[in-house]
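J.: Predicted model, plus sequence, below.
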Amino acid sequence: MTRSPSALDFSACLFRVLSAGTHRWRTCSRLRLLVFGVSSWALLTLNFGLNLFSMANSVWFELHQRDSECLVVARLVADRSGSAGSHAGLLGQYTNATILRKRDQVETQYRLYTGLETGLTNFTFVPYTHQVGLQAVLLGDVDRSVDSALAHAASWNLARPKYFVKIQENKIVLLQLVVAAVNAAIFSTLLCWFHLEFGSTTAWILLPLTLLSPWITVFGRNLYWIIGSWYLPMVAAALLCRWLGSGSTDALRQTVLVCLLAITMAVGVLFKSTMGYEFLSAVVLAQMSIVVYYAKLWRWSWLRLLVSLLVSGIASIGGFGAALWIHYHKLLHLSGGHSTEAIQSLTTFVSDRAIGDASSRAAEYGSHVSGNPVLVILKYVFGVWNLFPPFFIFLLPTVWVAVQVLRQKDSLTQGLQPLAWAYLFSWSAPLSWFVAARGHSMVHTHINYVLWHLPTMFFALALLVKWSLLHYTIRWEIVRTRLAPPCPRG
């Protein structure tokens, strides 16, 4: 006669299953990394696309840089109307004499896209000549794919016609979600690198702090900025260095690594430049901060580190030059073959922002271009406009932590020195743009605070977490040693 299982037997079985699962979770690093990667991507996508945690004011989230995004929307309208090659494929805006306010001008682009505004022949397309507009090319493919899918679904009678109309009216939200998902994938990859290099605790703390940043949130779904492109060279460098491992004593591997880093830098800068030249110096120096981290981790000589940074810098100039060449040919086509006019248009976006005589600059930047760079830096270090948390609360104390880490000689603290070097170097990324493009920085305080996340805040938070965990571990070992019972003699 068999005995029926009791509640005690069931509890014991459940305990064994949970114990086995817990053991596997602790020992399987790939599983933990996979769970973290998928979770971070899903949360970041929802936060970028829908402001899930409401860290950004709802009005700010809806209207932030909508005047820039509408340039892409108008290009999509032009492509859809059969004018894909018009105006050299540049971004722009539709306008007419009846539109007087800037806000009406912006909203008109969205109404034309959704079909709420008709009569495209009554509008004139004004091209935006300050960039190539690659984002409109990529999003145009997505837009056409969605239209094709909706047409097939309608022909198969999969839903009532009113639902297709509703989808068409809200298709811009779908495009924003696609952009949010792509940007979230890049950020998630960066956080996974922190997971691999500094442990799961550091990564799980960085994730909510990234989600809590209103700056990353408001940029996360914007069709114009494509914030993920800012981080591509940095992420590519991190994955390359991680993939090649710690073969720092292998001269051939070092040479291959430097060459691959240069290639990723050139491609990344080209990709970013074709979607806008803003923040390029910060993008380049963010990638270099990864090189500094691994150079100190692998104990490279200062000469080898400087050579690697120099090669990456030259590669970034090459990528920037390639983007300018593409841009020049687009402007040449737009001007009907007048090279002088094309060159003048090409240099306008630089002269509006660069250091020089303010009298020759655009009215928007003229009074700020020749300003004191120290005042610009102080404004961005201590400015608290819409910030959570204020950057100086983390950045300035972390400088003291980094200096203390570099001064220590014990083996435990020395393990944090590569991260401390990378953090201190990462300050150069945002500061380079604040100083070199101080006209842009003084005018666009509603934008440029986000540069503290490229990548200074990430390294600052990682260093604070690792330093705090290290001191907690040391103090706990001291307390445990003092409370331990004395060993019996004999």
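T.: All right, it came through fine.
J.: now the strands for the stretch 51-200 of the chain?
T.: Here the stretch 51-200 of the chain has its strands, by DSSP state E, counting those that start in this stretch, at 92-95, 124-127.
J.: Which strands or helices does the last one pack on?
T.: If contacts are counted by 3 or more C-beta pairs under 8 Å, 6 or more residues apart in numbering; DSSP states H and E, strand 124-127 sits against strand 92-95. From N, CA and C alone the C-beta is placed, and that goes for glycine too.
J.: what about the strand it packs on, average pLDDT?
T.: The average pLDDT within strand 92-95 is 92.
J.: Walk me through which strands that strand pairs with, and which way each runs.
T.: Strand 92-95 has the following strand partners under DSSP bridges: strand 124-127 (antiparallel).
J.: Buried ones in the strand it pairs with, by neighbour count?
T.: Neighbour counts over strand 124-127 (16 or more other C-beta atoms under 10 Å) mark 125, 127 as buried.
J.: Kindly export that strand (C-alpha atoms) in CSV.
T.: Provided in CSV are the C-alpha atoms of strand 124-127 (Å, rounded to 0.1, in the frame of the first residue of the first chain):
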residue,chain,number,x,y,z
THR,A,124,6.7,75.1,-49.1
PHE,A,125,9.4,72.7,-47.9
VAL,A,126,12.3,74.7,-46.3
PRO,A,127,15.4,72.4,-45.9
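J.: mind checking pLDDT for Leu150?
T.: Leu150 is given a pLDDT of 78.
J.: you'd agree it is up against Glu169?
T.: No: Leu150 lies out of contact with Glu169 (C-beta atoms under 8 Å); the separation is 11.8 Å.
J.: which of these two has more neighbours?
T.: Higher neighbour count among Leu150 and Glu169: Leu150, with 17 against 13, using other C-beta atoms under 10 Å.
J.: Could you report the separation of that one from Trp156?
T.: 11 Å (C-beta to C-beta, to the nearest Å).
J.: Same check on Thr217?
T.: In terms of C-beta to C-beta, Thr217 sits 38 Å off from Trp156.
J.: And those two? Which one has more around it.
T.: Thr217 (26 against 8).
J.: any idea what sits nearest the more buried one, other than its immediate chain neighbours?
T.: Among residues not flanking Thr217 along the chain, Ala56 sits closest, at 4.7 Å (C-beta to C-beta, 6 or more residues apart in numbering).
J.: how close does that neighbour sit to Leu209?
T.: Ala56 is 15 Å from Leu209, by C-beta to C-beta.
J.: Neighbour count for these two, which is higher?
T.: In this view Ala56 and Leu209 are compared by other C-beta under 10 Å, and Ala56 has more residues nearby, 22 against 14.
J.: picking that back up, which ones are touching the residue nearest to Thr217?
T.: 64, 214, 217-218 (C-beta atoms under 8 Å, 6 or more residues apart in numbering).
J.: Pipe those residues into a markdown table and attach distance to Ser289 and pLDDT per row.
T.: A markdown table is the format used below for those (distance: C-beta to C-beta, whole Å; pLDDT from 0 to 100):
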| residue | distance to Ser289 | pLDDT |
| --- | --- | --- |
| His64 | 27 | 91 |
| Pro214 | 24 | 90 |
| Thr217 | 23 | 94 |
| Val218 | 24 | 94 |
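J.: Out of those residues, list just those in helices.
T.: Counted as lying in helices by DSSP state H, out of the contacts of Ala56, are 214, 217-218.
J.: For those residues, give me TSV that also has distance to Leu76.
T.: Formatted as TSV, these follow (distance: C-beta to C-beta, whole Å):
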residue	distance to Leu76
Pro214	27
Thr217	24
Val218	21
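J.: out of those residues, who's nearest Leu52?
T.: In terms of C-beta to C-beta, no member of the ones in helices among the contacts of Ala56 lies closer to Leu52 than Thr217, at 8.9 Å.
J.: Settle this for me: the closest one is touching Gly49, isn't it.
T.: No: under the criterion of C-beta under 8 Å, Thr217 is not in contact with Gly49, lying 9.9 Å apart.
J.: Hmm, Ser86 and His333 touching each other?
T.: No: judged on C-beta under 8 Å, His333 makes no contact with Ser86 at a distance of 10.6 Å.
J.: Show me this protein divided up by domain.
T.: 30-226, 231-351, 365-490 (automatic domain parsing).
J.: quick one: average confidence on the shortest one?
T.: It refers to domain 231-351. Domain 231-351 comes out at a mean pLDDT of 89.
J.: From the chain's centroid, how far away is that domain?
T.: 16 Å (C-alpha atoms, centre = their mean, to the nearest Å).
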